[in-house]
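Just need the structure, nothing else, for what follows:
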Amino acid sequence: MAVSGSSARSVYPEVWIAVGVSLLAAVAFYFSTKPTLRDLNYTAEIASALLEGDLGVREKPPEWLNEMIPYGSRYYSAFPLGAVVSMLPVALLQKTSLIHNFPARVLAALIAGACVYFFFQFAKAFGPHYSSLKPKPLARRILLALFPVFGTWTWCNLGMAGAWQIALGLALLGETAALYFTLARPSPFIAGAFFALAFGNRTELLITFPVYLYLFWRRSGGAGMAASASSSDTPDVGKLGWQKIKQALGENARTFFDFLILPVTLALLTAAYNFARFHSIFDFGYFHIPEVRDEPWYEHGLFSLQSIPWNVHTMLFEGFGDMPSFPFVTFPPFGCSIFLSSPFLFLIFREDGKYKAVCWIAIAILTFVLWCHGNPGGWQFSYRYAMILLPWVFLLLTGSGRPKISATEAALFAVSVAINLTATWLFLWTDQIQP
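Prediction:
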């Protein structure tokens, strides 16, 4: 079908603006970061072995890859299969000698730019049909698109560009794109592919798949049909309600299938991958890392309710420090409050937003899992695990506030960027912050 002249004029400039903003973001991210952890390329090492038909490395890894798992005659990684598969293109480029070293800095910048692209398109998509507001002006959409990368701990932590940080960045990208292709430009198969990218790099994201199914169902009117049926005054309300729900599920069966086909395939392959390595489909190998079991924070297991107080304190209440010279502020090397590191986050408590309840449910579920983890994340700025919350945070932010940037929003955004720029400089470009 041909695109009319007016439609083309309205569509193509928007696409080029989105591409331009994302490219500028990628360039800014590249030159502002330094991949201090680039040598911790666990997933790339295993991806190279996978290209050779092996699940692990046969030769002893260098000493800095101290989280490689000696098991049988090979060395394995605790990263899930999805994180390894994500690095196959990089490994292929290395095998063909098109690149020689792990391109950590370039990869981190590309992830950052891609995230900004989808955030920008998301902010554009949710105009009048998302809330009672007018379509958001360009300046506001750019501000919202840049915030999750440059106004939060993503900037510093992704900039470190170790395997753990790259996996978090890919999870952030996968979630954001999955939500975009669920809500803004519905395409169940593409949404499922990006969801597979997300949980393939951060396994805990698998628990959010019912939320995506609900969002697809809601878009098709299934939730309205169920609610209408449940409010019926007929004597057979229960039977009628169940029939309506079955009808809605039947009408969405193809949508659900298209969304789930790749994630289910990856989940099954991950189970087989785990079994082939450690003889258990649920064993990712983390506790096989030398000396991990002896670390005090895993006394009660990898996930435990005993870990919640420490994680809560680090994520919400741990403060900054001061120093006598510029920049007169310093940050704890093992985490601090996400609200102090990104004051713009306080805007998530505004009342507007069509998907407010869904977002808070997703945030609550994921936060609970993160809080149960044995430690808050080790060497990091702020709380790096909370990167996986940002797509849901963004959905809250883009559905609230005024059409134009308010003075409060501008001030909070500027302060958030300044704090994270300072942290990125201190962590990546100086030796002022030490363990």
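
my guess is residue 100 contacts residue 94, does it?
Yes. Taking Cβ atoms under 8 Å as the definition, residue 100 is a contact partner of residue 94 at 7.0 Å. Backbone N, C-alpha and C define where each C-beta goes, glycine included.

out of the two, which sits in the busier spot?
residue 94 (19 against 8; other Cβ atoms under 10 Å).

What's the separation between that one and residue 50?
According to Cβ to Cβ, to the nearest Å, residue 94 stands 12 Å off from residue 50.

now residue 259
26 Å.

With neighbour numbers in mind, choose between those two.
Neighbours were counted for residue 259 and for residue 50 using other Cβ under 10 Å; residue 259 has more, 28 against 18.

What strand or helix carries that one?
In this assignment (DSSP states H and E), residue 259 forms part of helix 253-278.

May I see the buried residues of the next helix or strand after that helix?
Using DSSP H and E, the helix or strand that follows helix 253-278 towards the C-terminus is helix 308-312. Of all the residues in helix 308-312, those buried under the rule 16 or more other Cβ atoms under 10 Å are 310-311.

swap in stretch 259-272?
So for stretch 259-272, counting by 16+ other Cβ under 10 Å, buried means 259-260, 262-263, 266-267, 270.

Closest to residue 251 out of the residues you listed?
Proximity of the buried residues of stretch 259-272 to residue 251 (Cβ to Cβ) peaks at residue 259, which lies at 14.4 Å.

per-residue confidence for the closest one?
As predicted, residue 259 sits at a pLDDT of 97.

Next up, the contacts around it.
Neighbouring residues of residue 259 by Cβ atoms under 8 Å, 6 or more residues apart in numbering: 188-189, 191-192, 195, 212-213, 216.

Distance to residue 284 added to those, as TSV?
What follows is those, written out as TSV (distance: Cβ to Cβ, whole Å):
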residue	distance to residue 284
188	28
189	27
191	25
192	22
195	19
212	23
213	25
216	29
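
Give me the pLDDT value at residue 300.
So residue 300 comes in at 86 (pLDDT).

The closest residue to it other than its chain neighbours: neighbour count?
In space, and not counting its chain neighbours, residue 300 is closest to residue 306: 4.5 Å by Cβ to Cβ, 6 or more residues apart in numbering. Neighbour count of residue 306, defined by other Cβ under 10 Å: 13.

cool, residue 279 as well?
9.

Which residue comes closest to residue 19 once chain neighbours are left out?
Nearest to residue 19 is residue 117, by Cβ to Cβ, 6+ apart, at 6.9 Å.

sorry, back to before: name the nearest of the contacts of residue 259 relative to residue 364.
residue 212 (16.3 Å).

circling back: pretty sure the residue nearest to residue 300 is touching residue 297, no?
No. Here residue 306 does not reach residue 297: they are 9.2 Å apart, not a contact under Cβ under 8 Å.

What are the boundaries of the strands in the stretch 51-200 of the chain?
Here the stretch 51-200 of the chain has its strands, by DSSP state E, counting those that start in this stretch, at 69-71, 74-76.

Any chance of JSON lines for these, columns mean pLDDT?
Below are those laid out as JSON lines (pLDDT from 0 to 100):
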{"stretch": "strand 69-71", "mean pLDDT": "93"}
{"stretch": "strand 74-76", "mean pLDDT": "95"}
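
ok, back up a step: could you measure the residue nearest to residue 300 against residue 287, distance?
16 Å.

go on, residue 257?
For residue 257, the distance to residue 287 - Cβ to Cβ - is 36 Å.

Would you agree residue 319 is in contact with residue 339?
No. Judged on Cβ under 8 Å, residue 319 makes no contact with residue 339 at a distance of 10.7 Å.

what about these two, which has more around it?
residue 339 (15 against 9).

Now the more buried one: which helix or strand?
Going by DSSP H and E, residue 339 is in helix 338-341.

Alpha carbons only: can I get that helix in CSV?
The C-alpha coordinates for helix 338-341 follow below in CSV (Å, rounded to 0.1, in the frame of the first residue of the first chain):
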residue,chain,number,x,y,z
ILE,A,338,18.2,5.4,43.8
PHE,A,339,16.1,8.4,44.8
LEU,A,340,19.2,10.3,45.9
SER,A,341,21.1,9.3,42.7
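
for the record, mean pLDDT for that helix?
The model assigns helix 338-341 a mean pLDDT of 98.

Remind me what the following helix or strand past that helix packs against, helices and strands.
Next along the chain after helix 338-341, taking DSSP H and E as the criterion, comes helix 356-372. The elements that helix 356-372 packs onto, with contact taken as 3 or more Cβ pairs under 8 Å, 6 or more residues apart in numbering; DSSP states H and E, are helix 209-219, helix 308-312, helix 390-398.

The last one versus helix 209-219: what angle between them?
Put plainly, it is helix 390-398. 40 degrees (axes from the mean of the first three to the mean of the last three Cα atoms, to 10 degrees).

can you give me how far helix 390-398 is from the chain middle?
On the basis of Cα atoms, centre = their mean, to the nearest Å, helix 390-398 sits 12 Å off its chain's mean C-alpha point.
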